[in-house]
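1. okay, sequence plus prediction incoming.
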Amino acid sequence: MRLLDDRGRLWGRFNPWNAALVLVVIVALALGLVRLVAVRQAGLAQTEDVLVTFEVPGVRQASIDAVREGEQVYGFENQIPLGPLVSKRVEPHREPVPTATGQLVLAPVPGRYDLYLTVKVRAVAGPNAVSVSGRHLKIGVKLNITGRLFIFEAVIADVEEGTK
């Protein structure tokens, strides 16, 4: 039996051009599959511990006393568990007040404090965002956070990735 017949087919069955095209398609699919597996193994998003600091401005002393380090903190409107409260920091609350010369200065407000709560959150850290249950944790986002004895409307003041 001859390699090519009178119609140019291999062994009388395959057209060499069609066989080459099929071979190119198979190689392209194989390379695409290898790349897809490599991307999944590299893991674009990873779960890691993230320290998130929430700012709660202008609270009273009773609100500060209601917060306990180590307690579980929940966030968002559907009470997603965020993690344990690592630390709390209190600073005097300041507001702009006009002086006699017309300048604005920041003056402490008696009985009011700015509360900073740092929570250790188990989050998904991807290339574009850090998120918990599909909700992004970005600086400046307003968020309701709750604990055993408190609920605050807070603003995310800091997100620190790569903590242990």
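-> Thanks, I have it.
2. same for the lengthiest helix in the chain, what does it pack against?
-> Within the chain, and with DSSP state H defining each element, the longest helix by residue count is helix 16-42. Helix 16-42 sits against no helix or strand, with contacts defined as 3 or more Cβ pairs under 8 Å, 6 or more residues apart in numbering; DSSP states H and E. For glycine as for every other residue, the C-beta is placed from the backbone atoms N, C-alpha and C.
3. and the helix or strand just after that helix, which strands flank it?
-> Next in sequence after helix 16-42, counting helices and strands by DSSP states H and E, comes strand 46-59. Strand 46-59 pairs in its sheet with strand 104-125 (antiparallel), strand 151-160 (antiparallel), by DSSP bridges.
4. and Val67, which of the ones you listed is closest to it?
-> strand 104-125 (6.7 Å; Cβ to Cβ).
5. check the offset of the helix or strand just after that closest one from the chain's centre.
-> Per DSSP H and E, the first helix or strand lying C-terminal to strand 104-125 is strand 130-132. Put simply, strand 130-132 sits 3 Å off its chain's centre (Cα atoms, centre = their mean, to the nearest Å).
6. how about stretch 125-138?
-> 2 Å.
7. who touches that stretch?
-> Stretch 125-138 has contacts (Cβ atoms under 8 Å, 6 or more residues apart in numbering) with 44-48, 50, 52, 75-76, 80, 82, 121-124, 156, 159, 161.
8. outline the domain layout of the protein.
-> As given by automatic domain parsing, the domain ranges for the chain are 1-42, 46-160.
9. give me whichever of the ones you listed is most buried.
-> Stretch with highest mean neighbour count among the domains of the chain: domain 46-160 (a mean of 15; mean count of other Cβ atoms under 10 Å).
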